[in-house]
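Asker: give the three-dimensional model of this entry:
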Amino acid sequence: MLIELRMPALSPTMEEGTLAKWLVKQGDEVKSGDLLAEIETDKATMEFEAVDEGTISAILVPPGTEGVKVGTVIALISAEGDDVNAKPAPKAEAPKAEAPKAEAPKAEPAPPPPVQTPAPQAHVTEASGDRIIASPLARRLAATLGIDLSKVKGTGPNGRIVKADIEEAPQAATASAPASAAVAPALQAPAAQAAAKPVWFDDSIPHEIEKLSNIRKTIARRLTEAKQTIPHIYLTVDIRLDALLKLRAELNAGLESRGIKLSVNDLLIKALAVALEQTPKCNVTFLGNEMVSYKRADISVAVSTPSGLITPIIRDAANLSVSRISNEMKELAARAKEGKLQPHEYQGGTASLSNMGMYGIKQFEAVINPPQGMILAIGAGEKRPFVVDDALAIATVMSATGSFDHRAIDGSDGAQLMQVFKDLVEKPMGMLA
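Answerer: All right, here's what the predicted structure looks like:
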């Protein structure tokens, strides 16, 4: 029996994807757990694993095809042991198909019997006046691939067409065309639209045009949605980093033997998580007529990848050690840049943190990552004149800006979160206790 391999939904929000690459070819044996293809979703490029065992009979959607809807048949697998050549062909089916042939001359005066007798067998059809004998499996495979049985030479008993004949038929080489044709109308329209340049476009300027990936399209859609539907309120504080930098140096000295090196960002993730637990009115999601208040802080951390921005999650960060946060963040960031994150590793989160300090950015306002209620934007730490104990001094200072969903979080509640975060960073031993 043929098994239809369908485009999977690799995330709860996935409606379509790009079949980036096949990792198998027609004729390959596969078993459960084998990698079949790389599929680009709206969030990442993910590997698609086999669930069933068998042989790849046909690949129906070519690599690089965009906009393949979830549920579309992308390949066919022959179940293990489904060998028409060895099993069904020699049995009683073939002799039954022969019987009408031998009796055909006697049946000429009475046409109804010869026509009605073979029909129930589903092995004989009329094509240009000649009977075509084919196994049910070969018939289904030919219909799926769009192959004309009258042009296939059967190698089974009495010229019966079997599965192997369909797979070796000249049409099989272009079997993907009929299947991809079903997908093509949905795919060609966007391509045609992309080709139509706006009137202001100046072709005389040297340029290149690059097609948007699914990830980039999703980023554009979600950011547009966030800015159009979420009323942002921005609150900025300046924070002294000297105590945090000193603590980090001491912790790294103690962790050196374990091969762990903490970053400033690791400590800031911890500080934001603790601050959210201390100000629960900011650890929320607005749902129109309802409000979700979270009992723990799962921090989504912005990571830049070749495909675009993605936010892997450090779950329950307030109750993790800083060394654990550091290890998890390094692993998640590495796999994010390779496009290997699983959906549960980047979907969810109760608040986000975006740090652009490493690029020398002094201060910025980040866009909220819906459905979350806030995001914290971290600027670069720099030496500045600063008042310390009523005296002017030089201190390492950074600016942090919280973006809050004003439908869910009042300005005073957002201000309280920013003050708690500032205190935790300036007196970092408090978040480790």
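Asker: per-residue confidence at Leu35?
Answerer: pLDDT for Leu35: 86.
Asker: neighbours of Leu392, how many?
Answerer: Applying other C-beta atoms under 10 Å, we find 9 residues neighbouring Leu392. Quick note: C-beta positions are derived from backbone N, CA and C, even for glycine.
Asker: oh, that last question was meant for Val264, not what I typed.
Answerer: Neighbours of Val264 under the rule other C-beta under 10 Å: 18.
Asker: got any ranges where the stretch 151-300 of the chain has weak pLDDT?
Answerer: 170-199 (pLDDT under 70).
Asker: most residues in a single strand of the chain, which one?
Answerer: strand 391-405 (DSSP state E).
Asker: list the contacts for Glu277?
Answerer: Under the criterion of C-beta atoms under 8 Å, 6 or more residues apart in numbering, the contact list for Glu277 reads 283, 296-297, 318.
Asker: please enumerate the helices of the protein.
Answerer: Counting by DSSP state H, the chain has helices at residues 93-107, 112-116, 136-145, 163-168, 176-195, 214-229, 242-255, 264-278, 322-337, 343-346, 411-426, 429-432.
Asker: which one, of these, ends up nearest to Arg6?
Answerer: Nearest to Arg6, of all these, is helix 176-195, at 11.9 Å by C-beta to C-beta.
Asker: how many residues are close by Leu247?
Answerer: Leu247 has 18 nearby residues by other C-beta under 10 Å.
Asker: go ahead and confirm it touches Glu426.
Answerer: No: using C-beta atoms under 8 Å, Leu247 is not in contact with Glu426; the gap is 10.9 Å.
Asker: got a list of what Leu241 touches?
Answerer: Contacts of Leu241 by C-beta under 8 Å, 6+ apart are 264, 381, 395-398, 425.
Asker: of those, which is the most crowded?
Answerer: Ranking the contacts of Leu241 using other C-beta under 10 Å puts Val425 first, with 25 neighbours.
Asker: quickly note the distance from Arg377 to Gln26.
Answerer: Heads up, residue 377 is Ala, not Arg. 50 Å (C-beta to C-beta, to the nearest Å).
Asker: the more surrounded of those two?
Answerer: Ala377 (24 against 17).
Asker: show me what contacts that one?
Answerer: Going by C-beta under 8 Å, 6+ apart, the list of residues near Ala377 reads 354-356, 363-366, 400-403.
Asker: report the buried members of these.
Answerer: 354-356, 363-364, 366, 400-403 (16 or more other C-beta atoms under 10 Å).
Asker: I'd say Val61 and Ile74 touch.
Answerer: Yes: counting by C-beta under 8 Å, Val61 touches Ile74, with 4.3 Å between them.
Asker: ok, those two, which is more surrounded?
Answerer: Neighbours per residue, other C-beta under 10 Å: of Val61 and Ile74, the larger number sits with Ile74, 27 against 21.
Asker: for that one, what are its contacts?
Answerer: Per C-beta under 8 Å, 6+ apart, neighbours of Ile74: 5-7, 19, 37, 59-61, 68, 179.
Asker: pull the most distant pair out of the residues you listed.
Answerer: Once C-beta to C-beta is applied, the contacts of Ile74 give Ala37 and Ala179 as the farthest pair, at 14.5 Å.
Asker: local confidence estimate at Ala86?
Answerer: Looking at Ala86, the pLDDT reads 38.
Asker: so where's the stretch 301-433 of the chain uncertain?
Answerer: If you take pLDDT under 70 as the line, the stretch 301-433 of the chain has no such spans.
Asker: run the last query once more with 80
Answerer: Scanning the stretch 301-433 of the chain for pLDDT under 80 picks out 307, 433.
Asker: tell me the one of the contacts of Leu241 nearest Met329?
Answerer: Closest to Met329, out of all of those and judged by C-beta to C-beta, is Val264, at 11.9 Å.
Asker: could you pull up the residues touching the closest residue to that closest one other than its chain neighbours?
Answerer: Distances taken as C-beta to C-beta, 6 or more residues apart in numbering place Arg248 nearest to Val264, at 6.5 Å, with adjacent residues excluded. Applying C-beta under 8 Å, 6+ apart, we find Arg248 in contact with 262, 264, 267.
Asker: again, but for Gly414
Answerer: Gly414 neighbours (C-beta under 8 Å, 6+ apart): 233, 235, 282, 374, 402, 404.
Asker: try it again with 7 Å
Answerer: Gly414 makes contact with 233, 235, 282, 402, 404, according to C-beta atoms under 7 Å, 6 or more residues apart in numbering.
Asker: the first one: neighbouring residues, count only.
Answerer: By the measure other C-beta under 10 Å, the count of residues near Ile233 is 17.
Asker: can you tell me how far it sits from Ala351?
Answerer: Using C-beta to C-beta, we find Ile233 at a distance of 15 Å from Ala351.
Asker: kindly report the same for the third one.
Answerer: Here the criterion is C-beta to C-beta. By it, Cys282 lies 7 Å from Ala351.
Asker: pull out the buried positions in stretch 357-372.
Answerer: Buried-residue list, stretch 357-372, by 16+ other C-beta under 10 Å: 357, 363-364, 366-369, 371-372.
Asker: equivalent analysis for stretch 331-342, please.
Answerer: 332-333, 335-336, 339, 341.
Asker: domains in the protein, as residue ranges please.
Answerer: 2-82+175-184, 95-135+146-163, 216-432 (automatic domain parsing).
Asker: between Cys282 and Ala351, which contacts overlap?
Answerer: By C-beta under 7 Å, 6+ apart, the residues touching both Cys282 and Ala351 are 276, 373-374.
Asker: ok now do the closest residue to Asn355 other than its chain neighbours, which residues does it touch?
Answerer: Ranked by C-beta to C-beta, 6+ apart and with sequence neighbours excluded, the top spatial neighbour of Asn355 is Ile378, at 4.0 Å. Ile378 is in contact with 268, 353-357, 398, 400, counting by C-beta under 7 Å, 6+ apart.
Asker: at 10 Å what do you get?
Answerer: When contacts are counted by C-beta atoms under 10 Å, 6 or more residues apart in numbering, Ile378 touches 239, 264-265, 268, 272, 302, 353-358, 361, 363-364, 366, 398-401.
Asker: now Arg315
Answerer: So Arg315 contacts 273, 296-299, 328, 344-345, 348-350 (C-beta under 10 Å, 6+ apart).
Asker: swap in Asn252?
Answerer: Per C-beta under 10 Å, 6+ apart, neighbours of Asn252: 260-263, 326.
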